[in-house]
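Asker: Would you be able to build a 3D model of this:
(2 chains)
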Amino acid sequence: MRKLLSAGFYRLFRHPAYLVILLVLAVLGGAMCGADLYYGMDDVHILPMLFAFGATIALAWGREHGDGAVRNKVVAGNGRGAIFLSETLLHMTLCVVLALCFLAAMLIAGHKVIAQIPGGIVVKVCLCFLLSAAGMSAFLSGVCALIFNRAICAIVGVLLVLGLQFATYQLQDLLNQPSTYTIEHMDENNQIVAVEEIPNRLYIKEPWRSICTHVDCANPFGQMSRSVSVLNSYAYHLGEGKDFGFEWDNEDEKRVEILHTLPAYAVGSTVLVTGVGYLLFRRKDLK
Amino acid sequence: MRKLLSATFVRLFKSKIFWIGIAALGGLALWATIARWYDSTVLVEMGYDTLDGLLFIGAAYAPIWVPVFVSLFVGTEYSDGTMRNKLIVGHSKLAVYFTNLIVCVSAVLIMHVVYIGIVLGLGLPLVGGFRDITTQTLVVFFFCSLISMVALTALMLAVVMLIPAKAISAITSMLLGLALIMGAMTVNSMLQAPEMIEALVGINEAGDPVFSEPRPNPKYLRGFERTFFDFLNRILPGNQLTLIGMSMELPQNVWQLPVYAVVFAALTTLGGAWVFQRKDLK
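Answerer: Alright, predicted model coming up:
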């Protein structure tokens, strides 16, 4: 497997221009994210880097299958499991390095805000973010390894990132639904005459609430979104929130608490996805 | 060109990707309508019993599904050598380009109309009619969406026709589509930032909300910046489709949308055809 890995890294560095584009995307996203921390960063800063992950991994697997490289490696005596694991490790390394560049740029650009956040929290956020990047690459690699058609593989790679993002938004929207909502009845002068509290039937109760939370925490996009939102909470309370007199509340505390469990979710989902991908790839007919 | 057109249309109606596209847009329409119907029955008091904001969701997501269709449908011509065969039997490069444009535009418009047809056909009896959006607005937006779709398809076709590798053209056009959507959302939120901001700081004894003193919003765009981003919002197909998908009323100078879309489509088609004509197809 060492030979497979060294060959993979050699192939990766044969296209320095592409690597530079990836690095620029990650650094720009991180810098914009850091600069916007004070006003509230947006997922839009992370997304270009994630789409770059999707495109790179899909194209790499598409090329491996299209050029017959996988078959050649098998013919040369390498096991299918070793081929799958070496490619996955290669992609994981690339994604973690890019995520590291993103974080470095974010920390530099947002240093004024980040310096006021407890160091332990910043370290935990960075750790969660890096593990989530590894999870995202494992997920993409596991799916793209099973698709032989290069163009389909390329499209699926990008759509997967979109799908994970969409799943995160849907789940977080469901989880953030209030248990009740208020209806205000107005008279003809627009004065409130009665206020009615009505139970929200979209509010998810147990056990579905725990299941949805577990699924969201296992989703790499959800992990990234949740980990960066902690920095966002701190930045808000140091800036606008402080000006407007908002207090640190339970919701903010919950966001911080989840940092203790997110690394376990990230490692667990990475191992699970890699394991399933490994098993399916070993059984796949390479024709 | 007539023969090319009829052959390409035959290929379109036999193509799996076209029918998958129809099924995907139909599925999206079904899902959106049924979700709205569910919301309207579960959250009766919240007033979800309307089709407002549902009719152009398919159009707002067009920068994602149009490049998938165009890259797979046209990319096959490159990978299977069909493009070269067409040239060998005497068709001009321009005829090939415009044939693909006409067929792709027709396919995209069919998918768009299928989405709208299902939302209207299922939504009107199930959910009810429109409330805050007028019929005139709907009709104007429908025609604007058709022209914006043409502009978007022309852009994606230009990208796909100039990149012979099917996987690379698929990735490039999809990333371009995603950049258009993300750009549209960013520009929209920048333009919609209020000039003054105030925050809810508490509730008084009477139960009324108390707001802080309004203060200037540092993110509010002024002068040249505002004019520039407003121009981008009107000329880029992604922005046009997002505007159509999210608006409840006609924007100011709505006539600019189709005019800019036609100009955009013409420019990308002319540019794409010009470069394609000079391209070595090996």
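Asker: When you work out contacts or count neighbours from here on, use the C-alpha atoms and nothing else.
Answerer: Noted.
Asker: pLDDT weak spots in the stretch 51-200 of chain B?
Answerer: Residue ranges of the stretch 51-200 of chain B with pLDDT under 70: B:199-200.
Asker: And the residue of it at minimum distance from chain A, how far from B:L152?
Answerer: As assessed by C-alpha to the nearest C-alpha, chain A sits closest to B:A167 within the stretch 51-200 of chain B, at 3.9 Å. Computed as C-alpha to C-alpha, to the nearest Å, the B:A167 to B:L152 distance reads 20 Å.
Asker: Those two: which is more packed in?
Answerer: Per other C-alpha atoms under 10 Å in any protein chain shown, whichever of B:A167 and B:L152 has more neighbours is B:L152, with 29 against 26.
Asker: Can you show me the strands along the stretch 101-250 of chain A?
Answerer: With DSSP state E, counting those that start in this stretch applied, the stretch 101-250 of chain A shows strands at A:180-186, A:192-199, listed in chain order.
Asker: what sits against B:V262?
Answerer: B:I147, B:S148, B:A151 (C-alpha atoms under 8 Å, 6 or more residues apart in numbering or on different chains).
Asker: Looking at neighbours, which among those residues is most surrounded?
Answerer: B:S148 (30 neighbours).
Asker: That residue: what secondary structure?
Answerer: State at B:S148, reduced to three classes by DSSP: H, G, I helix; E, B strand; the rest coil: helix.
Asker: close enough to count as contact, it and B:Q256?
Answerer: No: assessed by C-alpha atoms under 8 Å, B:S148 is found out of contact with B:Q256, at 11.6 Å.
Asker: For the residue of the stretch 51-200 of chain B closest to chain A, give me its contacts.
Answerer: Per C-alpha under 8 Å, 6+ apart, neighbours of B:A167: A:L59, A:R150, A:A151, A:I152, A:C153, A:A154.
Asker: related to what we said a few turns ago, nearest to chain B, out of the strands of the stretch 101-250 of chain A?
Answerer: Nearest to chain B, of all the strands of the stretch 101-250 of chain A, is strand A:180-186, at 7.7 Å by C-alpha to the nearest C-alpha.
Asker: quick one: the residue of the stretch 51-200 of chain B closest to chain A is in a strand?
Answerer: No: counting by three-state DSSP, B:A167 is located in no strand; its state is helix.
Asker: per-residue confidence averaged over the helix or strand containing A:L98?
Answerer: Assigned by DSSP states H and E, A:L98 belongs to helix A:80-109. For helix A:80-109, the mean per-residue pLDDT is 87.
Asker: and what of stretch A:135-150?
Answerer: On average, stretch A:135-150 scores 87.
Asker: quick check, that stretch touching chain B?
Answerer: Yes: residues of stretch A:135-150 are located near chain B by C-alpha under 8 Å from any C-alpha of the partner chain, namely A:R150.
Asker: Just the CA trace of that stretch, in CSV.
Answerer: Below are the C-alpha coordinates for stretch A:135-150, written out as CSV (Å, rounded to 0.1, in the frame of the first residue of the first chain):
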residue,chain,number,x,y,z
GLY,A,135,-15.3,12.7,6.9
MET,A,136,-16.5,14.6,3.9
SER,A,137,-13.6,13.3,1.8
ALA,A,138,-14.3,9.7,3.0
PHE,A,139,-18.0,10.1,2.1
LEU,A,140,-17.2,11.5,-1.4
SER,A,141,-14.5,8.9,-2.0
GLY,A,142,-16.7,6.0,-0.9
VAL,A,143,-19.5,7.0,-3.3
CYS,A,144,-17.3,8.0,-6.3
ALA,A,145,-15.2,4.8,-6.1
LEU,A,146,-18.4,2.8,-7.1
ILE,A,147,-19.2,4.8,-10.2
PHE,A,148,-17.4,3.9,-13.4
ASN,A,149,-18.7,6.5,-15.8
ARG,A,150,-16.4,9.5,-15.6
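Asker: Sort out which residues of that stretch are buried, please.
Answerer: Across stretch A:135-150, burial judged by 16 or more other C-alpha atoms under 10 Å in any protein chain shown covers A:135-148, A:150.
Asker: Please spell out which residues along the longest helix belonging to chain B are buried.
Answerer: What stands out as the longest helix in chain B, according to DSSP state H, is helix B:93-126. For helix B:93-126, the buried set under the neighbour-count rule, 16+ other C-alpha under 10 Å, comprises B:93, B:95-109, B:111-116, B:118-120, B:122-123, B:126.
Asker: try stretch A:79-89
Answerer: Buried residues in stretch A:79-89, counted by 16+ other C-alpha under 10 Å: A:R80, A:G81, A:A82, A:I83, A:F84, A:L85, A:S86, A:E87, A:T88, A:L89.
Asker: Between the residues you listed, which sits nearest chain B?
Answerer: Closest to chain B out of those is A:E87 (19.2 Å), distances taken as C-alpha to the nearest C-alpha.
Asker: so what's the closest one up against?
Answerer: Contact analysis of A:E87 by C-alpha under 8 Å, 6+ apart lists A:L5, A:G8, A:S141.
Asker: Pick the one among these closest to A:D36.
Answerer: Ranked by distance to A:D36 (C-alpha to C-alpha), the contacts of A:E87 are led by A:S141 at 31.3 Å.
Asker: what residues are up against the closest one?
Answerer: Going by C-alpha under 8 Å, 6+ apart, the list of residues near A:S141 reads A:I57, A:A58, A:W61, A:E87, A:T88, A:H91.
Asker: hang on, the earlier thing: want to try JSON lines for the strands of the stretch 101-250 of chain A, with mean pLDDT and distance to B:S189 as columns?
Answerer: Converted to JSON lines, the strands of the stretch 101-250 of chain A look like this (pLDDT from 0 to 100; distance: least, C-alpha to C-alpha, whole Å):
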{"stretch": "strand A:180-186", "mean pLDDT": "74", "distance to B:S189": "27"}
{"stretch": "strand A:192-199", "mean pLDDT": "74", "distance to B:S189": "31"}
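Asker: if I look at the most centrally placed residue in chain B, how far off is B:D132?
Answerer: Centroid-nearest residue in chain B, with C-alpha atoms, centre = their mean: B:A62, separated by 3.6 Å. Distance of B:A62 to B:D132, given as C-alpha to C-alpha: 24 Å.
Asker: mind listing the helices in the chain by residue range?
Answerer: Defaulting to chain A. With DSSP H as the criterion, chain A has helices at A:2-12, A:16-36, A:47-66, A:69-75, A:80-109, A:111-114, A:119-144, A:150-175, A:208-218, A:220-238, A:240-243, A:250-283.
Asker: switch to chain B, that's the one I care about
Answerer: B:2-14, B:16-42, B:57-60, B:62-79, B:82-88, B:93-126, B:135-162, B:166-192, B:223-235, B:237-246, B:256-278.
Asker: And the contacts of the third one?
Answerer: Which is helix B:57-60. With C-alpha under 8 Å, 6+ apart as the criterion, helix B:57-60 contacts B:25, B:28-29, B:112, B:115-116, B:145, B:149, B:238, B:241-242, B:244-245.
Asker: circling back: comparing the strands of the stretch 101-250 of chain A, which comes out most buried?
Answerer: strand A:180-186 (a mean of 13; mean count of other C-alpha atoms under 10 Å in any protein chain shown).
Asker: that older thread, any chance of the contacts of A:S141 in TSV, plus distance to B:D52?
Answerer: As requested, these are exported to TSV (distance: C-alpha to C-alpha, whole Å):
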residue	distance to B:D52
A:I57	40
A:A58	38
A:W61	43
A:E87	48
A:T88	45
A:H91	44
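Asker: from these, which single one is nearest B:L250?
Answerer: A:A58 (41.2 Å).
Asker: my guess is that closest one contacts A:N149, does it?
Answerer: No: using C-alpha under 8 Å, A:A58 is not in contact with A:N149, being 10.3 Å away.
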